[in-house]
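Novice: Sequence and predicted structure, then a few things I'm wondering about:
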Amino acid sequence: MPSPAPPDVEILATLAAIDSLQGTLALARALVEAGRAVDLTGLDREAARLCAALACLPEGAGARLRAPLHGLTQELDRLSARLTAA
């Protein structure tokens, strides 16, 4: 049985997932800004996977993730504002 991944690897993987979701949201926002329709199907699953990964991280890992998560929520707010205005 393989040994568990070191915490740094788990944190880096979670950071990559945050970055990926933020990129997806930014692309969706850009499409809305260009007047294109967007299909947000699946974003809830991606967000749920991210939440599950966050819940599995070791205690104290949150400090390294605070800024990236804040950026993610800001991008979500920008997309929400664009969708509301469209």
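Specialist: Arrived safely, thanks for sending.
Novice: the longest helix in this structure is where?
Specialist: helix 7-33 (DSSP state H).
Novice: Output the contacting helices and strands for that helix.
Specialist: helix 43-56, helix 62-85 (3 or more CB pairs under 8 Å, 6 or more residues apart in numbering; DSSP states H and E). The C-beta positions use only the backbone N, C-alpha and C, and glycine is treated the same way.
Novice: Reformat these as TSV; add distance to Ala30, mean pLDDT and mean neighbour count.
Specialist: Below are those laid out as TSV (distance: least, CB to CB, whole Å; pLDDT from 0 to 100; neighbours: other CB atoms under 10 Å):
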stretch	distance to Ala30	mean pLDDT	mean neighbour count
helix 43-56	15	94	12
helix 62-85	9	95	13
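Novice: Tell me which of those sits nearest to Ala28.
Specialist: helix 62-85 (5.7 Å; CB to CB).
Novice: that older thread, could you give the mean pLDDT of the longest helix of the chain?
Specialist: For helix 7-33, mean pLDDT rounds to 94.
Novice: tally of neighbours for the residue lying closest to Leu76 once chain neighbours are set aside?
Specialist: Spatially, and ignoring its direct neighbours in sequence, Leu76 is nearest to Leu25 (5.8 Å; CB to CB, 6 or more residues apart in numbering). Leu25 is flanked by 23 other residues according to other CB atoms under 10 Å.
Novice: Next, the buried residues of stretch 9-29.
Specialist: Glu10, Ile11, Thr14, Ala17, Ile18, Leu21, Gln22, Thr24, Leu25, Ala28, Arg29 (16 or more other CB atoms under 10 Å).
Novice: on that earlier part again, please convert the helices and strands packed on helix 7-33 to JSON lines, extending it with distance to Glu33.
Specialist: As requested, the helices and strands packed on helix 7-33 are exported to JSON lines (distance: least, CB to CB, whole Å):
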{"stretch": "helix 43-56", "distance to Glu33": "17"}
{"stretch": "helix 62-85", "distance to Glu33": "6"}
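Novice: Before I go, just wanted to say thanks for your time.
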